[in-house]
Structures are given as structure tokens and as C-alpha cells.
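**Q** Dropping the sequence and predicted coords here.
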Amino acid sequence: MGVNFNSKFTSKAQHRLFEEAAEFGIRFGFTVPIHDGHGPIAALTFAVDQSRPQFERFIESHGRVLQLMAMYFHAHTRRKLANVHEIEGACLSPREFECLEWAARGKSAWEIGCILGISRNTVAFYLEGAKKKLGVRTIVQAVARLAAVKRKGQN
């Protein structure tokens, strides 16, 4: 949990990282590394400004839950920040997907334009692109494809 900055196992880069963290009040914590098929890609740290017995006990008794939370949080964030949204093999741009989601909520192109701060014609352009990529002719059909994917939990 705590790190000995003078440890012979701490590299100069690690030592610098710990010093910078301490400058921001992060002096004691629990870090969950997050891996994908290619190795470590992220980390989530639960930290405090000093060693506290209740924090240590919480980490010891709930460490596995915090690891699970970190993995779910990372997966959720990665999905939300992805540049491409896939619906049954069709890759929609973030704007196409966003317009389609608003259409699924019953909004017209004009209303979507007002919400997103773009013109009705631009919304129509994005919805046309989504329809073409999904291989459908109407917005209702595109919305139905989106709803089917959401029911399956794919997006």
C-alpha cells in the first residue's frame, strides 16, 4: 500500500512519479492496474493524503470489490469515449450515433439540431449516413436496429 521512496526497488522514474503525486496530496493508496490482451493500458488509484488505519482496513477487506469496480469503470468509460459506435457490424460516427439516439427518443431532425447546436439539414445528413451504413431505408428501421443492439447489451 504505502511506498518507501528510498526503496532499492524504486526506479528514478517511479520515484519522480511518487514525488509528483505527493505534491498533489496523494501519499498513500491502492492502485488497480487494468490490462487488455496487449498488457497494462490503464490504472485506477484510490488514494488519501496520509496513512489511515480505516483506509487500510477498507482496502484489505474490499480490495477485490475495488478491482472489479475499476474494471467495470474502465470498460464503461472506454465504451463511452470510443470514436466509433458499432451496430451489428456497421460502424457509425459519434455524430451519426448521437443523432440516431435522439431520434430513438422521438426527437425530430429540427429538435435534434437544437439540442446539438447544428442545423436540421446537418442532422438529416448524419441520419442518412447512419441509414446507409445500417442498410435500412427509414429512420424507424435504423432506430429499431439500435434498440435491438441495446437490448442485447452490445452498445
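**A** Ah, there it is. These numbers come from a predicted model, not from an experiment.

**Q** Now the element after the worst-scoring helix or strand of the chain on mean pLDDT, going C-ward?
**A** Here the helix or strand of the chain ranked lowest by mean pLDDT, DSSP states H and E is strand 85-87, holding a mean of 82. Sequence-wise, the next helix or strand downstream of strand 85-87 (DSSP states H and E) is strand 90-92.

**Q** helices or strands next to that following strand in the packing?
**A** Secondary-structure packing of strand 90-92 (3 or more Cβ pairs under 8 Å, 6 or more residues apart in numbering; DSSP states H and E): strand 85-87, helix 120-134. The C-beta positions use only the backbone N, C-alpha and C, and glycine is treated the same way.

**Q** again, only using 6 Å
**A** helix 120-134 (3 or more Cβ pairs under 6 Å, 6 or more residues apart in numbering; DSSP states H and E).

**Q** Look at Phe46 and report its pLDDT.
**A** For Phe46, the model assigns a pLDDT of 89.

**Q** can you count the residues close to it?
**A** Using other Cβ atoms under 10 Å, Phe46 is surrounded by 17 other residues.

**Q** Relative to Leu44, how far out is the closest residue in space to it that isn't next to it in sequence?
**A** Spatially, and ignoring its direct neighbours in sequence, Phe46 is nearest to Phe30 (4.9 Å; Cβ to Cβ, 6 or more residues apart in numbering). Distance of Phe30 to Leu44, computed by Cβ to Cβ, to the nearest Å: 9 Å.

**Q** Please consider this matter closed, and thank you.
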